[in-house]
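Asker: I'd like to go over a predicted model; first the sequence, then the structure.
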Amino acid sequence: MNGFVTALLALITAAVLQGTPLLFGTVGEILSEKSSNLNLGVEGMMYMGGAFGLGGAFYYEKLAGGAASGPAAILIALVFAFLAGCLGALLYSFITITLRANQNVTGLALAIFGTGVGQFVGEYMRVQEGSFIAISNGLKIYFQNSPFPAALQNIPIIGPLLFGYNIFVYLGVVIAVCMAVFLGKTRPGLHLRAVGESPATADAAGINVTRYKYLATVIGGGISAIGGMVYIMTIAGCVWNHEGLSGEGWLSVALVIFCLWRPVASIWGSILFGALMILYVRLQLPFIPDQIYKILPYIVTVIVLIFTSMRNSKDKQPPAALGSAYFREDR
């Protein structure tokens, strides 16, 4: 029994850590889609966030020398990753909101563009430094270890489940809960949802549609990019890997559908997807290829999409205007 509990705890812990980058990517995309902007460029923004976030922490440590502060390095990595995602999302917003271009095509272009930018920046830093880009073991502790004291972490069962994760796990949960409260309980949040459901009606009610769409998309892009930084600084071991992030952004987009555009649901959804992503390592069956394991999150998403479409419940559907450009002249 003890062996089973230990294995289960290890699986849950690994699932939470693997799902945390997805949580950031999903929550950011939910915010964007609530404004009716379908930004499929999450993959590219996560690549940009990973490269710029790692670069910010790396060069901060290089400049500070032995005086580098762990909390300061985390803050710098967060800011650099967030700003990188904001820039990518701002480009997307200008093309789709101001120029009214097709959102699907623009999102796919951003995914390709952002991936290229992230890989270029990561490889450029590697070539300039002449070696792998990585922060020191002293700073890695702050990114990868739990911020809680050992007394809490060592509590049987509860300690590892609640207090044994890195700081980004708790940050992601806080952002998801705050976003749920924002969208459901505040006036700006309700205005944003109105923009996503019917921009023309929101415009007629005096809501600045353009402002809400820009802010939601840009901030959402910044949050998604943090997920890329979290992946590099935790799962990838604080070392740049230009192929490590592959697929994380697309899984985040799938997770938005799986969670039915609900920020709180993205918390347990990301843990489930994290478990599915590592299942081929924890539960290997010789007659099932690894590739089947790796597409399980997408299979589950398709199944959920089919069932929700059959039920035709409005609260389980995407924003009515999602993916459509708003032409005020047609109002």
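Answerer: Cool, the structure landed.
Asker: in the protein, which spans are strands?
Answerer: In the chain, no strands are defined using DSSP state E.
Asker: so where is the protein shaky, pLDDT-wise?
Answerer: 1, 282-287, 308-315, 329-331 (pLDDT under 70).
Asker: What are the neighbouring residues in contact with residue 175?
Answerer: Each residue near residue 175 by C-beta atoms under 8 Å, 6 or more residues apart in numbering is listed here: 24, 27, 223. Any C-beta I mention is one placed from the backbone N, CA and C, and that applies to glycine too.
Asker: Residue 266 is in contact with the second one, correct?
Answerer: Pointing back at residue 27 there. Yes - using C-beta atoms under 8 Å, residue 27 is in contact with residue 266, at 5.6 Å.
Asker: Got phi/psi on the closest residue to residue 236 other than its chain neighbours?
Answerer: Nearest residue to residue 236 in three dimensions, chain neighbours excluded: residue 244, at 4.7 Å (C-beta to C-beta, 6 or more residues apart in numbering). Main-chain torsions, residue 244, degrees, to the nearest 10: phi -60, psi -30.
Asker: Please report the distance of residue 244 from residue 104.
Answerer: Residue 244 sits 26 Å away from residue 104, taking C-beta to C-beta, to the nearest Å as the criterion.
Asker: cool, residue 113 as well?
Answerer: In terms of C-beta to C-beta, residue 113 sits 15 Å off from residue 104.
Asker: more neighbours, the two?
Answerer: residue 113 (19 against 13; other C-beta atoms under 10 Å).
Asker: Not counting residues beside it along the chain, what's closest to that one?
Answerer: Spatially, and ignoring its direct neighbours in sequence, residue 113 is nearest to residue 44 (5.8 Å; C-beta to C-beta, 6+ apart).
Asker: tell me the contacts of the one you found?
Answerer: 88, 110-118, 249.
Asker: Tell me the buried residues within those residues.
Answerer: Burial by neighbour count, 16 or more other C-beta atoms under 10 Å: within the contacts of residue 44 this picks out 88, 110-111, 113-115, 117-118, 249.
Asker: so residue 221 makes contact with residue 37?
Answerer: No - Residue 221 lies out of contact with residue 37 (C-beta under 8 Å); the separation is 9.7 Å.
Asker: any residues in contact with both of these two?
Answerer: By C-beta under 8 Å, 6+ apart, residue 221 and residue 37 have these common neighbours: residue 92.
Asker: and these two? which has more neighbours close in?
Answerer: Set side by side, residue 221 and residue 37 show more neighbours around residue 221, with 35 against 32, by other C-beta under 10 Å.
Asker: tell me the contacts of that one?
Answerer: Applying C-beta under 8 Å, 6+ apart, the residues contacting residue 221 are 28, 32, 39, 41, 45, 85-86, 88-90, 92.
Asker: will you turn the residues you listed into JSON lines that also has distance to residue 56?
Answerer: As requested, the contacts of residue 221 are exported to JSON lines (distance: C-beta to C-beta, whole Å):
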{"residue": "28", "distance to residue 56": "19"}
{"residue": "32", "distance to residue 56": "23"}
{"residue": "39", "distance to residue 56": "23"}
{"residue": "41", "distance to residue 56": "21"}
{"residue": "45", "distance to residue 56": "16"}
{"residue": "85", "distance to residue 56": "13"}
{"residue": "86", "distance to residue 56": "14"}
{"residue": "88", "distance to residue 56": "16"}
{"residue": "89", "distance to residue 56": "18"}
{"residue": "90", "distance to residue 56": "19"}
{"residue": "92", "distance to residue 56": "22"}
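Asker: Got a quick ChimeraX command for the buried subset of those?
Answerer: To isolate the buried ones among those in ChimeraX, judged by 16+ other C-beta under 10 Å, type:
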select :28,32,39,41,45,85,86,88,89,92
